[in-house]
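Peer 1: sequence-free structure coming up:
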């Protein structure tokens, strides 16, 4: 399997982000799984994370795990220009980036809403979604 993104499958902002990534990838190499799935729970627990913590966006890349702003900015390497240029934000200290990330994560349901069930991928993308 290529690199895996674990996302909050009921969060509107998170599912929008997944659709955005799919639309702007340079090549279809990323796989996705909701953190609410068995696979998402397994990977989070295997890496010492609490699956109940739905405020964490996770990228597993070459058996390394990245979370929050670091995960989001590493995903930009998979995107076409100009979105790839967002990686420059890594020059900001991680505590600053994560503070902004955490603020958005705490308020995302209020600002963007949430579903009662995880998103279902369209048939053409189903092979890239695990569970």
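Peer 2: Happy to help now that I have it. Remember, it's a predicted structure, so these values are computed and weren't measured experimentally.

Peer 1: so, low pLDDT: which residues of this structure?
Peer 2: 1-2, 54, 117-123 (pLDDT under 70).

Peer 1: for it, what spans make up the helices?
Peer 2: 12-24, 38-46, 68-75, 94-112 (DSSP state H).

Peer 1: other SSEs contacting the shortest one?
Peer 2: The one in question is helix 68-75. strand 58-61, helix 94-112 (3 or more C-beta pairs under 8 Å, 6 or more residues apart in numbering; DSSP states H and E). For every residue, glycine as well, the C-beta is placed using N, CA and C.

Peer 1: circling back to that earlier point, any chance of the helices of the chain in JSON lines, plus mean neighbour count and distance to residue 4?
Peer 2: Listed next are the helices of the chain as JSON lines, based on neighbours: other C-beta atoms under 10 Å; distance: least, C-beta to C-beta, whole Å:
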{"stretch": "helix 12-24", "mean neighbour count": "17", "distance to residue 4": "12"}
{"stretch": "helix 38-46", "mean neighbour count": "16", "distance to residue 4": "7"}
{"stretch": "helix 68-75", "mean neighbour count": "20", "distance to residue 4": "11"}
{"stretch": "helix 94-112", "mean neighbour count": "14", "distance to residue 4": "19"}
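
Peer 1: any chance of those helices in JSON lines, with distance to residue 81 too?
Peer 2: Output for these, formatted as JSON lines (distance: least, C-beta to C-beta, whole Å):
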{"stretch": "helix 12-24", "distance to residue 81": "10"}
{"stretch": "helix 38-46", "distance to residue 81": "30"}
{"stretch": "helix 68-75", "distance to residue 81": "15"}
{"stretch": "helix 94-112", "distance to residue 81": "21"}
